[in-house]
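**Q** got a sequence here, can you model it:
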Amino acid sequence: MTQTVATWNIEHTDTFGGEANYSWVNRSELDIPESYSRSWIVRKVKEHVGLTGVRCNVEDYGDMLTIRPAGMCQVVFATPACK
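**A** Sure, this is the predicted structure:
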């Protein structure tokens, strides 16, 4: 049985005044099985950008996840890539 894989676009950047600043940005792609729940997707994205074990506030907009690490002036945006 093969799993269908979804590609996610990941942007990890700094913030200024709580908004994305883009004075530095790391962009990448991540393949995640489509069967994964949102919480597992968040976990895999955090692992991908090096935030494993860091408490984060997550906002789910349906077509985009916003991950804000607590106590850090950073934000991660994860959006499914268009096919």
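
**Q** from Ala70, how far out is Glu54?
**A** Quick fix: residue 54 reads Val, not Glu. Distance, Val54 to Ala70, by CB to CB, to the nearest Å: 7 Å. Every residue, glycine included, has its C-beta placed from N, CA and C.

**Q** the two: who's more crowded?
**A** Counting neighbours by other CB atoms under 10 Å for Val54 and for Ala70 shows that Val54 has the greater number, 14 against 8.

**Q** the more buried one and Glu47 touch, don't they?
**A** No: the criterion here is CB atoms under 8 Å, and Val54 misses it with Glu47 at 10.7 Å.

**Q** list the contacts of the host helix or strand of Val58.
**A** According to DSSP states H and E, Val58 maps onto strand 56-60. With CB atoms under 8 Å, 6 or more residues apart in numbering as the test, strand 56-60 has contacts from 38, 42, 46, 65-70.

**Q** distance between it and the chain's centre?
**A** 9 Å (CA atoms, centre = their mean, to the nearest Å).

**Q** just the buried residues of that strand, please?
**A** Neighbour counts using 16 or more other CB atoms under 10 Å place 56, 58 of strand 56-60 among the buried residues.

**Q** just the closest of the contacts of strand 56-60 to Trp8, please.
**A** Within those, the smallest distance to Trp8 is 8.5 Å, found for Leu65 (CB to CB).

**Q** if I pick that closest one, what's in contact with it?
**A** Taking CB under 8 Å, 6+ apart, one finds 38, 41-42, 45, 58-59, 76-79 in contact with Leu65.

**Q** ok, now Val45?
**A** Counting by CB under 8 Å, 6+ apart, Val45 touches 8, 10, 30, 65, 67, 76, 78.

**Q** now it, what's its secondary structure?
**A** helix (DSSP: H, G, I helix; E, B strand; the rest coil).
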